[in-house]
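**Q** Okay, sequence plus prediction incoming.
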Amino acid sequence: MSEPVLQIRHLSVDYPTRVGVVRGTDDVSLTVYRGEVLGLVGESGCGKSTLGMAILRLLRPPGKIVAGEIVFNGQDLLKLDNEAMRRLRGAHISMIFQDPMTCLNPLQRVSDHMVETIRTHHPEVKEQEAREQATELIDRLGIRAERLDDYPHQLSGGMRQRVMIGLALALNADLIIADEPTTSLDVIVEAQFLDQLKDLQRQFNLTIILITHNIGVVAELADRVAVMYAGKLVELADAFSLFDDPLHPYTRGLLNSVPNISLTEDHLQIMSGAPPDLINPPPGCKFHPRCPRAMERCRVEEPPVKEVQPGHWTACWLYGEQEGHK
Amino acid sequence: MPDTPDSLVEVRGLKKWFPVQKGFIERLVTRQRQFVRAVDGINFEIRRGEVFGLAGESGSGKTTTGRLILHLVEPTKGDIIFDDVNLAALSNEEMRRMRQRMQVIFQDPFASMNPRMKCGDAIGHSLEIFDVAKGEEKHRRVLEMMEHVGLTPAHILYDKYPHQLSGGQRQRAVIARALMLHPDLIVADEPIANVDVSVRALLLELMLQLKQDFNLTYLFITHDLATAKYICDRIAIMYLGLICEVGTLEQVYRNPQHPYTQALLAAVPVPDPHARRTAPMPKGEIPSPITPPPGCRFHPRCPVAEEICSQELPPLRPVSGDEGHLVACHLVR
């Protein structure tokens, strides 16, 4: 595998609330390699967005990183001062959010966004040059140059999301974190966007963390997939192994409950129960109250994340280390 | 469309044009009124006891169609026949009574429940409005319904406010509320778009179970063709205010005739990395419903469009040899 761009080690994030502390991500370790698309999936509240925001150190208070390291290109981001972190955001790690309308300034033209992004990090670049770069960039994204002078509301949803990628690419970021990038898009526009993202990813060898609840989108794009449940990383594997041979009972349940357009499958499997209350999470494995295969040990002892098959990690007592399963 | 004895709702030539609001000066200058043609002449029927799907992207007019059937907005043109009664002919009071027989479930249960009303009271509210039951009797009926839809323990949840319920529970409460008056028709507008995937399957199953228990007919409005597959018997695909294809689920999914339906089905991401999509997508996005393209609404994006497509609006016609399957495309013979 290529070199690691980002190594998250034992990261925990807390959200203190009036009724107790919610642990948003709990002891999560994850490595992202250069040139890969890592899909990060799970249901709402599982901690996937918290993880994305924590990497950029953009957690909204009272959310706070309480333990762990985030090593990006060899340096621990948690040790950087605010100014150094600010320089890094956008230039080296960029983010694409779900709703581009709330991320673009409604009073600024597309060109202003682009030029500002470029010149903030490279003040030596002249405005005219930055504009030229911007024109080239949006042309590559399939937006006509004259749209550069439009305001965000004049663009369609798909175009706005493409402008967001443009901003992320403007400074050749090493890592792009895309949090539900297609959730606000209609299905055909979503497919167009995914095609484009795929092309750009190949062309520029981009490293992308794709955070989404949409299992179909992950299957379409991701090289490796990490599954989270109740703040925990429960499974991590390359996309084919994960979909062909999911190990964790939660991953199995999740994959079986995804609606599939193919007519050969006509029954959705139902997962009983609901994700746990994170203020009082169950002891042991957090999935045990819903797990069809829970054992005594699962109720008391939390399973560690283990490499069960080469490159296939899971946190479940059903599996021993590096040995056969089923 | 022929009158069939088992049709519950019949929609004939239905149109809804919303006027575009303009500034005073602009109105003086342009002197031209513009309309958003949300629904622009559609015909279909919903048969008693079926789940009829209405699918399309945002801006296709599917939600407006649902609201028109409930008479929550007045049609610009056309008729809605509900159980042999033309809704346009009803007085306000008669329409109010008629609404007992048609109920609605919206996408966001948070937005459709009064935050200051207890869950049980909200569910039983319609019983009071229509003078069906009150006091102890209302309480009893509400608890019974809550049990039925799985809102348990009912006597505890009865006194909870919407914000104290989970997303799945809220959606169950909205479903229970819709069923209190034993309606014939439920218009479900993206009823499960907001819930997590593990809860989705559960709610779909519940809706199908309730349909059996209460002899319901559903109009299921959705943008999600994968979900529609699990619940719909027949489905209509809408694009820019018009129906481009209608048929049984099998007919439309297995043998889509309209290029738009084909694209829409191909675009749905499949949860299987072995089945990654290779089919190219149509260019561009859904155009403005204020100035829809002439001829077939889809022709500017259609990969196989011919000259006639930009000139004449294709009518919804039967697909030969496939009974009940209709398509609006010049190129399908």
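**A** Perfect, thanks for sending it. All values derive from a computational prediction rather than experimental measurement.
**Q** tell me which element the residue nearest in space to the middle of chain A is part of?
**A** Nearest to the mean C-alpha position of chain A, by C-alpha atoms, centre = their mean, lies residue A:211 at 2.7 Å. Element membership for residue A:211 (DSSP states H and E) is strand A:208-212.
**Q** Could you check how far that strand is from the centre of its chain?
**A** Taking C-alpha atoms, centre = their mean, to the nearest Å, one finds strand A:208-212 lying 3 Å from the centre of the chain it belongs to.
**Q** Report the strands that pair with it, each with its relative direction.
**A** Its sheet considered, strand A:208-212 pairs with strand A:37-41 (parallel), strand A:175-179 (parallel) by DSSP bridges.
**Q** ok, then the element right after it?
**A** Sequence-wise, the next helix or strand downstream of strand A:208-212 (DSSP H and E) is helix A:215-221.
**Q** For that following helix, output the C-alpha coordinates as PDB.
**A** The C-alpha coordinates for helix A:215-221 follow below in PDB (Å, rounded to 0.1, in the frame of the first residue of the first chain):
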ATOM      1  CA  ILE A 215     -24.200   2.600   1.300                       C
ATOM      2  CA  GLY A 216     -24.700   2.700  -2.400                       C
ATOM      3  CA  VAL A 217     -22.500   5.700  -2.800                       C
ATOM      4  CA  VAL A 218     -19.800   4.100  -0.900                       C
ATOM      5  CA  ALA A 219     -20.000   0.900  -3.000                       C
ATOM      6  CA  GLU A 220     -19.700   3.100  -6.100                       C
ATOM      7  CA  LEU A 221     -16.700   5.000  -5.100                       C
END
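**Q** Check which residues of the helix or strand following that helix are buried.
**A** Per DSSP H and E, the first helix or strand lying C-terminal to helix A:215-221 is strand A:224-229. The neighbour-count check on strand A:224-229 (16 or more other C-beta atoms under 10 Å in any protein chain shown) flags A:224, A:225, A:226, A:227, A:228, A:229 as buried. All C-beta spots, glycine's among them, are computed from the backbone N, C-alpha and C.
**Q** circling back to that earlier point, what's the mean pLDDT across the strand holding residue A:211?
**A** What strand A:208-212 shows for mean pLDDT is 95.
**Q** Determine the three-state secondary structure at residue B:97.
**A** helix (DSSP: H, G, I helix; E, B strand; the rest coil).
**Q** what does the model give it for pLDDT?
**A** Looking at residue B:97, the pLDDT reads 91.
**Q** burial measure for it, as a count.
**A** Neighbour count of residue B:97, defined by other C-beta atoms under 10 Å in any protein chain shown: 12.
**Q** List the beta-bridge partners for residue A:9.
**A** Where residue A:9 sits in a bridge, its partners, by DSSP bridges, are residue A:69.
**Q** circling back: quick one: which of the buried residues of strand A:224-229 is nearest to residue B:273?
**A** For the buried residues of strand A:224-229, the closest approach to residue B:273 (C-beta to C-beta) belongs to residue A:225, at 8.9 Å.
**Q** Look up the residues forming beta bridges with that closest one.
**A** Counting by DSSP bridges, residue A:225 forms beta bridges with residue A:39, residue A:237.
**Q** tally of neighbours for residue 176?
**A** Using chain A. If we define neighbours as other C-beta under 10 Å, then residue A:176 has 23 of them.
**Q** think we crossed wires, I meant chain B
**A** 25.
**Q** next SSE after the helix or strand hosting it?
**A** Secondary structure assigned from DSSP H and E places residue B:176 in helix B:167-179. On the C-terminal side of helix B:167-179, the closest following helix or strand by DSSP H and E is strand B:185-189.
**Q** Packing partners of the helix or strand hosting residue B:45?
**A** Taking DSSP H and E as the criterion, residue B:45 maps to strand B:35-47. Contact partners of strand B:35-47 among helices and strands, from 3 or more C-beta pairs under 8 Å, 6 or more residues apart in numbering or on different chains; DSSP states H and E: strand B:7-19, helix B:62-69, strand B:77-82, strand B:217-222, strand B:234-239, strand B:242-248.
**Q** Apply 10 Å and report the result again.
**A** strand B:7-19, strand B:51-55, helix B:62-69, strand B:77-82, strand B:217-222, strand B:234-239, strand B:242-248 (3 or more C-beta pairs under 10 Å, 6 or more residues apart in numbering or on different chains; DSSP states H and E).
**Q** C-alpha coordinates for that strand, PDB please?
**A** Taking C-alpha atoms only, strand B:35-47 is exported to PDB below (Å, rounded to 0.1, in the frame of the first residue of the first chain):
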ATOM      1  CA  PHE B  35     -46.200  30.600 -14.000                       C
ATOM      2  CA  VAL B  36     -44.400  27.700 -12.400                       C
ATOM      3  CA  ARG B  37     -46.000  24.800 -14.200                       C
ATOM      4  CA  ALA B  38     -45.700  22.400 -11.200                       C
ATOM      5  CA  VAL B  39     -48.200  19.900 -12.600                       C
ATOM      6  CA  ASP B  40     -49.000  20.300 -16.300                       C
ATOM      7  CA  GLY B  41     -51.700  17.900 -17.300                       C
ATOM      8  CA  ILE B  42     -51.600  14.500 -15.900                       C
ATOM      9  CA  ASN B  43     -54.000  11.500 -15.900                       C
ATOM     10  CA  PHE B  44     -53.800   8.400 -13.700                       C
ATOM     11  CA  GLU B  45     -55.900   6.300 -11.400                       C
ATOM     12  CA  ILE B  46     -55.200   4.800  -8.000                       C
ATOM     13  CA  ARG B  47     -57.000   1.500  -7.500                       C
END
